[in-house]
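> Sequence first, predicted coordinates after that:
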Amino acid sequence: MTPLPLPPVPAPYQLPFHYGALHQIGVDYLVEPEPVRDLLAKHHPALSAAEFDGRAVVSLNYQLYFAQYAFGGGMTQEIEFNVIAHPTSEAHRLPRLSYEEYAHGFDQTRLLGIARIHVLCDNPLAIDAGRRLFAEPKHPGWFETTMPSPNGPPGDCWSVRCRRATAGPEGSDAVVRHDADVFTLTADLTGLPSAPANNAPVTGYGTDAEGRALAGPMNLYQPYRHHTIDTADAGRIRLTVHDDTTDLGQDLTALVGTRPAAGAWTFQSPPVAAHNRPYYLPGPR
């Protein structure tokens with residue numbers, strides 16, 4: 001078989017893209033496989049949905065990240081609606097896994113990856129880069145969020161309110177925000193046991209405008225924390241679809257609906273410095 005060329009890296013981008021900090025929560029749902037197969041065939045015909053004991057997995061993956069450039073720094077928020085999938089032609093290489101085994105990184109082939117179906121993002125540069133570099137179906141959105149922080153109250157609570165946006169004028173460095181909600185995801189993981197999950201590099205799948213499938217790995221330099229969500233903890237995670245007229249809202253309603261989450265996974269970059277409390281020097285007041 002003739003080796004394939006690498007996908008192009010169009011200017012002004014360069015790879016790899018380095019994250020200065022990353023804060024992330026993902027929520028997995030075990031769902032009926034047939035609708036997932038139909039959705040995947042529509043968006044990524046070269047891929048097949050993974051199955052774990054007869055169930056497919058769809059996930060919501062929120063990211064807040066910082067990147068430093070030669071000209072300064074930038075913050076980006078985005079959320080992906082993904083199907084866990086693999087190249088159909090490589091199915092014979094995959095081990096048979098349960099969902100828990102997959103979630104804890106037992107697939108050392110890294111063929112089980114995230115097939116992106118919808119991606120909403122608040123940074124026009126990241127939208128363009130995602131489309132051109134990784135064939136991501138990336139569109140404008142904006143977010144109101146709360147998350148665990150060493151600069152915030154104790155606890156492990158996350159809330160991601162995804163809101164509608166449109167593209168700004170050409171060359172704009174911001175999307176146009178609209179006062180309309182798409183969906184809200186909340187997760188209270190406080191006190192819930194977790195285990196380190198070494199499932200990087202995470203393989204992200206895309207399909208470009210010419211129908212070519214491509215895979216892009218993302219390395220993380222520390223493990224995820226994975227939380228198993230059992231029946232008793234099902235109320236800790238809530239998904240509310242506010243607008244079921246959008247493609248994303250329709251797919252969330254059809255595939256997830258009121259189903260309980262099977263697991264949640266988080267990643268937060270550790271602090272690199274701390275500015276401490278001052279103290280008084282003796283002398284005149």
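Noted; the coordinates are in hand.
> Give me the mean pLDDT for the top strand by length along the chain.
When the chain is parsed with DSSP state E, its longest strand is strand 72-87. Averaging pLDDT along strand 72-87 yields 96.
> And stretch 256-271, by the same measure?
Across stretch 256-271, the average pLDDT comes to 96.
> Same question for it: list its buried residues.
256, 260-269 (16 or more other Cβ atoms under 10 Å). (Glycine included, C-beta is placed from N, CA and C.)
> Just the ones in helices from those, please.
The helices, defined by DSSP state H, take in nothing from the buried residues of stretch 256-271.
> Tell me the secondary structure of residue 182, please.
Three-state assignment for residue 182 (DSSP: H, G, I helix; E, B strand; the rest coil): strand.
> Report the contact partners of it.
Residues near residue 182 by Cβ atoms under 8 Å, 6 or more residues apart in numbering: 120, 141, 162-164, 241-243, 246, 248-249.
> Of those residues, which is the nearest to residue 194?
The closest of those to residue 194 turns out to be residue 162 (Cβ to Cβ; 24.5 Å).
> wouldn't that closest one be in contact with residue 184 here?
Yes: in this structure residue 162 lies within contact range of residue 184 using Cβ atoms under 8 Å: 7.1 Å.
> Of these two, which one has the most company?
residue 162 (26 against 16; other Cβ atoms under 10 Å).
> Name the SS class of that one, please.
Secondary structure for residue 162, judged by three-state DSSP, is strand.
> Check what pLDDT the residue nearest to it when sequence neighbours are not counted gets.
Computed as Cβ to Cβ, 6 or more residues apart in numbering, the closest residue to residue 162 that is not its neighbour in sequence is residue 182, at 4.6 Å. For residue 182, the model assigns a pLDDT of 97.
> where's residue 238, which helix or strand?
Using DSSP states H and E, residue 238 maps to strand 237-241.
> For residue 75, see how far away the residue positioned nearest the centre of the chain is.
Taking Cα atoms, centre = their mean, the centroid of the chain lies closest to residue 61, which sits 2.6 Å from it. Residue 61 is 17 Å from residue 75, where distance means Cβ to Cβ, to the nearest Å.
> ditto for residue 112
Using Cβ to Cβ, residue 112 is found at 30 Å from residue 75.
> More neighbours: these two, which one.
Neighbour count, other Cβ under 10 Å: between residue 112 and residue 75, residue 112 has more, with 21 against 13.
> circling back: most widely separated two among the buried residues of stretch 256-271?
Farthest-apart pair in those is 260 and 269; separation 29.1 Å (Cβ to Cβ).
> returning to what we had before: in terms of secondary structure, what does the longest strand of the chain contact?
When contacts are defined as 3 or more Cβ pairs under 8 Å, 6 or more residues apart in numbering; DSSP states H and E, strand 72-87 sits against helix 33-43, strand 47-49, strand 56-69, strand 113-121, helix 124-134, strand 138-146.
> Sheet partners, orientation included, of the last one?
When you say that, I think you mean strand 138-146. Strand pairing for strand 138-146, using DSSP bridges, gives strand 113-121 (parallel), strand 157-166 (antiparallel).
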